[in-house]
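*Asks:* Quick check, what structure comes out for this input:
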Amino acid sequence: MRLHDYLRRVGMSGKLGPTADTLRRLHVAHREAFLFENLTIQEGGAIVLGLDALERKFLDDRRGGYCFEHNTLFAAVLQELGLD
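*Replies:* I've put the predicted structure just below:
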């Protein structure tokens with residue numbers, strides 16, 4: 001998980017611990033940074049849920065995605081931070 005890139009993209013910095021406050025702040029930051037969009041399907045592409053593909057789409061291409069793409073990426077962030 002490219003946590004540093006993710007945190008920069010959502011506008012968060014500093015040391016984040018596995019706390020309820022971190023979870024709340026991350027949830028808001030993620031929601032504000034990444035839109036729900038279905039352009040990949042409209043363009044004839046396929047949805048890929050591998051973490052590398054999601055990081056490329058959300059972080060590098062600065063796009064959003066479907067709910068299961070958001071949830072997969074967000075779960076990887078939470079796991080990396082030690083949140084169950």
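*Asks:* Give me the helix or strand of the protein that scores worst on average pLDDT.
*Replies:* Across the helices and strands of the chain, mean confidence by mean pLDDT, DSSP states H and E is lowest for helix 39-42: a mean of 92.
*Asks:* Any idea how far the following helix or strand past that one is from the middle of the chain?
*Replies:* Scanning forward in sequence from helix 39-42 by DSSP states H and E, the next helix or strand is helix 51-55. Between the centre of helix 51-55 and the centre of its chain there are 9 Å (C-alpha atoms, centre = their mean, to the nearest Å).
*Asks:* Report the buried residues of helix 51-55.
*Replies:* Within helix 51-55, the residues scored as buried using 16 or more other C-beta atoms under 10 Å are L54, E55. Any C-beta I mention is one placed from the backbone N, CA and C, and that applies to glycine too.
*Asks:* pLDDT of it, averaged?
*Replies:* Helix 51-55 shows a mean pLDDT of 98.
*Asks:* List the contacts of it.
*Replies:* Applying C-beta atoms under 8 Å, 6 or more residues apart in numbering, the contact partners of helix 51-55 are M1, R2, D5, Y6, V48, G65, E69, T72, L73, A76.
*Asks:* And those residues, which of them are buried?
*Replies:* Neighbour counting with 16+ other C-beta under 10 Å marks M1, R2, Y6, G65, E69, T72, L73, A76 as buried within these.
*Asks:* I'd like those as a markdown table, with pLDDT, distance to T40 and secondary structure appended.
*Replies:* A markdown table is the format used below for those (pLDDT from 0 to 100; distance: C-beta to C-beta, whole Å; DSSP: H, G, I helix; E, B strand; the rest coil):
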| residue | pLDDT | distance to T40 | secondary structure |
| --- | --- | --- | --- |
| M1 | 96 | 21 | coil |
| R2 | 97 | 20 | coil |
| Y6 | 98 | 20 | helix |
| G65 | 97 | 7 | strand |
| E69 | 98 | 9 | helix |
| T72 | 98 | 14 | helix |
| L73 | 98 | 14 | helix |
| A76 | 98 | 19 | helix |
